[in-house]
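Student: sequence-free structure coming up:
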């Protein structure tokens with residue numbers, strides 16, 4: 001059984017182990033009903049660890065553990081990305097690196113488009129691993145995914161990252177066009193979050 005996050009015992013505080021404002025806001029919104037006060041690793045001045053894991057789960061775990069140890073608070077880390085079938089799963093765990101040192105996701109989306117060229121198979125999936133770690137080194141990991149199509153040109157100003165070029169299965173809008181609440185309900189992060197909540201938070 002997964003370890004429970006005791007908001008009262010922890011002072012209600014949880015570090016979001018990310019320097020990505022969009023990701024921090026999305027996770028904070030999801031945690032809102034659970035009485036948790038979130039603070040980002042960026043706001044705490046924590047360094048970003050080298051993401052040298054071989055999977056989303058490994059990278060999420062190393063980021064969560066590093067933040068929990070440095071902040072002396074429980075920490076939640078997300079590692080997520082876009083895996084494209086025609087690109088043999090890339091950019092995958094390298095999704096952020098395709099955006100370059102400036103985190104330019106317009107560039108990253110252009111790179112995906114160029115790499116796919118005239119590929120007939122436009123299928124892809126977003127994958128998310130969430131790791132919840134405590135300062136004592138304990139860590140729980142939960143994973144979610146959502147399939148869809150990679151489109152061009154990008155559409156929509158909502159979301160972040162590769163959202164404007166991804167249309168989830170069963171929908172016509174990209175994640176970048178969707179209302180945030182609608183995206184929260186169906187996304188890869190939402191699926192991982194549902195597992196996290198069931199394992200560690202219980203009912204709001």
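Tutor: Sure thing, it's come through. Because the structure is predicted, anything quoted here is derived from the model rather than measured.

Student: Give the lowest-confidence helix or strand of this structure, using mean pLDDT as the measure.
Tutor: Per-element confidence for the chain was summarised using mean pLDDT, DSSP states H and E. The lowest value among helices and strands belongs to helix 21-31, with a mean of 83.

Student: Pull up the gap between the spatially most distant residue from the centre of the chain and residue 200, please.
Tutor: Largest separation from the mean C-alpha position in the chain: residue 118, at 28.6 Å (CA atoms, centre = their mean). According to CB to CB, to the nearest Å, residue 118 stands 45 Å off from residue 200. Every residue, glycine included, has its C-beta placed from N, CA and C.

Student: quick one, strands of the protein?
Tutor: 13-16, 37-40, 75-84, 123-133, 139-150, 166-168 (DSSP state E).

Student: so what's residue 61 up against?
Tutor: Taking CB atoms under 8 Å, 6 or more residues apart in numbering as the criterion, residue 61 is in contact with 53, 77, 129, 131, 133, 139, 141.

Student: Excluding sequence neighbours, find me the nearest residue to it.
Tutor: Leaving aside its sequence neighbours, residue 61 sits nearest to residue 131 (CB to CB, 6 or more residues apart in numbering; 4.4 Å).

Student: Could I get the average pLDDT for the lengthiest helix in the chain?
Tutor: Across the chain, the helix with the greatest residue count (assigned by DSSP state H) is helix 56-71. For helix 56-71, mean pLDDT rounds to 96.

Student: Check which residues of stretch 175-182 are buried.
Tutor: Of the residues in stretch 175-182, those with enough neighbours to count as buried (16 or more other CB atoms under 10 Å) are 175-178.

Student: just so I know, which of the strands of the chain lies nearest residue 92?
Tutor: For those, proximity to residue 92 was assessed by CB to CB; strand 75-84 is nearest, at 4.8 Å.

Student: No more questions from me, cheers.
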